[in-house]
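[1] Got a sequence here, can you model it:
(one chain, ligands or ions: 2)
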Amino acid sequence: MIFDVIIRRANVVDGTGREPFVADVGVRGERIVAIGDLDMAQAAQVVQAQGRYLAPGFIDVHTHDDNCAIREPEMLPKITQGITTVIVGNCGISASPVKIVGEVPDPMNLLGESDAFFAQFDAFAAALEAATPAVNVAALIGHTTLRAGVMDRFDRAATGDEILAMRGALRQALRGGAIGMSTGLAYTNARLAPTAEVKALVEVVGEEGGIYTTHMRNERETLFEAMDEAFETARHGKVPLVISHLKCADVENWGKSEHAIDKLEAAAREQPCNCDCYPYSACSTTLDLWRVSDQFDILVTWSKPHPEQGRRLLSDIAAEWEVDLTEAARRLMPAGAIYHNMDETDVRRVLSHPLTMIGSDGLPSDPNPHPRLWGSFPRVIGHYCRDEGLFALPEAIRKMTSMSAARFGLTDRGVIREGAFADLTLFDFETVLDGASFVAPTTPAIGIDWVMVNGQPTWVDGDVRNRAGRLLRREAVIE
Ligand code: ZN
Ligand code: CU
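    Numbering: from 1, shown residues only. Ligands and ions are numbered 1, 2, ... in the order given. Down below sits the predicted model:
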């Protein structure tokens, strides 16, 4: 048999949670066609694994790469981590379907300026496919984006007519291949959307066979109530649920992860639900007054009126301006920030739970991004798995591959088996580690040696050699 590529003598960690085994992996066209002893086989190209590990390409289930995948199709922050598929459109914000006139509403401004948005999902899909990013992309439709498409202001519930219009736009996008819907109910521009508004939309997601992800209404004092709302909403629409970046934010809420995990487990016995998590105890998003606190460091990453204040602590800026933190924030907005507001014990508890998938939540438009953008996946393997022993390697890989593909309905991805797509990542388990830090946030990871996407060697010797990513259109999510 003749192959296009053979990866020889790899420690195959196949994504399912199974123990690694030594094998050759043969690829023809876009698929894995043989796994085993391929000594006698010939290939146009041979990669000697030499003790390194071969995993399914990583799936970043929580991203804001909608626009990055089109504008910077090499997707360096992702391909350098071994990521071969990203889910875009999380936290209620997607690049379509919406037409923006004037200032981009918070937090849609995390995706870029008004020219980052598309009136129809079809136009977004066409732009993405024309750009041919280096990694695959599957897209959620954001609730806040739907609101921006039909509402003149956000400080109220949508009317019946507006809900009808949003349902129509959502259904059209889902039929065009979007995989589900996300909400960002904690944000000022969505928090006055009542549960009933979200339910009316999630019904459509259920009818079309999609998934629902939510940045919940509250990650602080009413975290548990917010979880109940998410479970109930998903049950109402008969959709699988993913709770975005499950966390306990702010000092008063540290320790709540124990009960939050109990709740997630209990719900998962009744309905399909998971959560995602990034491996850091600091979060990052837009700057908003209700998020300001003197109990932890807040690092300003960007500011429209004061770009010169990027990479400075809010407390230093406030001291220099001789105002309090809230007033400083008010002057800086619209702005972005990193909030060091989580407890490491909570992060570890959520990260290590078997229902938790890895999602970076990286913000590619941020000039001083949180290091999760460039570092999340190698950090899970190098820091939390190898150095800290938080979980074994097969489990670390399962959290970033097969669990994610199954939950998001990405057929024939996230596993190394004959017939699956050849999305593959070869890494050195001894050295793999995140390079990005809060001081140097765009430093690439080390130890991710070779990455293949849809059968095309893509990240090779520190260069992007191909861009073979596709838009992965929705197929009904099977339970
Ligand atoms: Zn979020
Ligand atoms: Cu997010």
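[2] and the residue in the stretch 1-150 of the chain positioned nearest to ligand 2, how many residues sit next to it?
    Taking CB to the ion as the measure, the stretch 1-150 of the chain has residue 91 as its residue closest to ligand 2, at 3.6 Å. Placement of C-beta: from N, CA and C, glycine included. The tally of other residues near residue 91 (other CB atoms under 10 Å) stands at 29.
[3] Are the helix or strand hosting residue 140 and ligand 2 in contact anywhere?
    Residue 140 belongs to strand 136-142 when assigned by DSSP states H and E. No: residues of strand 136-142 contacting ligand 2 under CB under 5 Å from the ion: none, with a closest distance of 10.0 Å.
[4] other SSEs contacting that strand?
    Applying 3 or more CB pairs under 8 Å, 6 or more residues apart in numbering; DSSP states H and E, we find strand 136-142 packed against strand 83-88, helix 121-131, helix 160-175, strand 180-184.
[5] So for the second one, what gets flagged as buried?
    So that's helix 121-131. By neighbour count on 16 or more other CB atoms under 10 Å, the buried set for helix 121-131 is 121-122, 124-125, 127-128, 131.
[6] of those residues, closest to residue 137?
    Of all the buried residues of helix 121-131, residue 128 has the smallest distance to residue 137: 6.0 Å, by CB to CB.
[7] wait, that closest one sits on residue 67?
    No: between residue 128 and residue 67 there is no contact, the gap being 9.8 Å when judged by CB atoms under 8 Å.
[8] which residues are in contact with both of the two?
    Common contact partners of residue 128 and residue 67 (CB atoms under 8 Å, 6 or more residues apart in numbering): none.
[9] circling back to that earlier point, for the buried residues of helix 121-131, which one is nearest residue 181?
    Comparing those against residue 181 with CB to CB picks out residue 121 as the nearest, at 11.8 Å.
[10] My read is that the closest one contacts residue 141, right?
    Yes: if you go by CB under 8 Å, residue 121 and residue 141 touch, sitting 7.0 Å apart.
[11] any common contacting residues for those two?
    By the contact definition CB under 8 Å, 6+ apart, residue 121 and residue 141 are jointly contacted by 96-97, 173, 178.
[12] could you dump those residues to CSV with secondary structure and distance to ligand 2?
    Converted to CSV, the shared contacts of residue 121 and residue 141 look like this (DSSP: H, G, I helix; E, B strand; the rest coil; distance: CB to the ion, whole Å):
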residue, secondary structure, distance to ligand 2
96, coil, 17
97, coil, 19
173, helix, 19
178, coil, 17
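[13] Switch those over to TSV; also include pLDDT and neighbour count.
    Putting those into TSV (pLDDT from 0 to 100; neighbours: other CB atoms under 10 Å) gives the following:
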residue	pLDDT	neighbour count
96	98	28
97	98	28
173	98	31
178	98	29
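[14] how about those residues, which pair is most distant?
    Taking CB to CB as the measure, the shared contacts of residue 121 and residue 141 reach their widest spread between 97 and 178, a distance of 9.2 Å.
[15] Around ligand 2, pick out the residues from this protein.
    Counting by CB under 5 Å from the ion, the positions of the chain adjacent to ligand 2 are 90-91, 361.
[16] swap the cut-off to 8 Å and go again
    Counting by CB under 8 Å from the ion, the chain comes close to ligand 2 at 62-64, 90-91, 93, 110, 184, 215, 244-245, 285, 359, 361, 363.
[17] from the residues you listed, which single one is nearest residue 335?
    The closest of these to residue 335 turns out to be residue 285 (CB to CB; 10.4 Å).
[18] Relative to ligand 1, how far out is residue 139?
    Residue 139 sits 16 Å away from ligand 1 when distances are taken as CB to the ion, to the nearest Å.
[19] do the same with residue 438
    Distance of residue 438 to ligand 1, given as CB to the ion: 19 Å.
[20] what's the closest residue to that residue other than its chain neighbours in contact with, if anything?
    Excluding the flanking residues, the one nearest residue 438 by CB to CB, 6 or more residues apart in numbering is residue 371, at 6.0 Å. With contact taken as CB under 8 Å, 6+ apart, residue 371 is in contact with 280, 434, 436-438, 441.
[21] Let me know whether stretch 336-348 sits next to ligand 1.
    No: with CB under 8 Å from the ion as the measure, stretch 336-348 is seen stopping short of ligand 1, the closest distance being 12.1 Å.
[22] List the buried residues for that stretch?
    Buried residues in stretch 336-348, counting neighbours by 16+ other CB under 10 Å, are found at 336-339, 341-343, 346-348.
[23] quick one: which of these sit in helices?
    346-348 (DSSP state H).
[24] Tell me the one of the buried residues of helix 121-131 nearest ligand 1?
    Lowest distance from ligand 1 to the buried residues of helix 121-131 (CB to the ion) belongs to residue 124, with 20.1 Å.
[25] Could you check how far the closest one is from residue 252?
    40 Å (CB to CB, to the nearest Å).
[26] will you turn the contacts of residue 371 into CSV that also has secondary structure, neighbour count and pLDDT?
    Output for the contacts of residue 371, formatted as CSV (DSSP: H, G, I helix; E, B strand; the rest coil; neighbours: other CB atoms under 10 Å; pLDDT from 0 to 100):
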residue, secondary structure, neighbour count, pLDDT
280, coil, 23, 98
434, coil, 25, 98
436, coil, 25, 98
437, coil, 11, 97
438, coil, 15, 97
441, coil, 24, 97
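[27] Now do the contacts for the closest residue to residue 107 other than its chain neighbours.
    For residue 107, ignoring the flanking residues on the chain, the nearest one in space by CB to CB, 6+ apart is residue 286 at 4.7 Å. If you count contacts by CB under 8 Å, 6+ apart, residue 286 has them with 106-107, 109-110, 187, 333-337.
[28] Dump these into CSV; add pLDDT as well.
    Listed next are the contacts of residue 286 as CSV, based on pLDDT from 0 to 100:
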residue, pLDDT
106, 95
107, 96
109, 95
110, 96
187, 96
333, 98
334, 96
335, 97
336, 97
337, 98
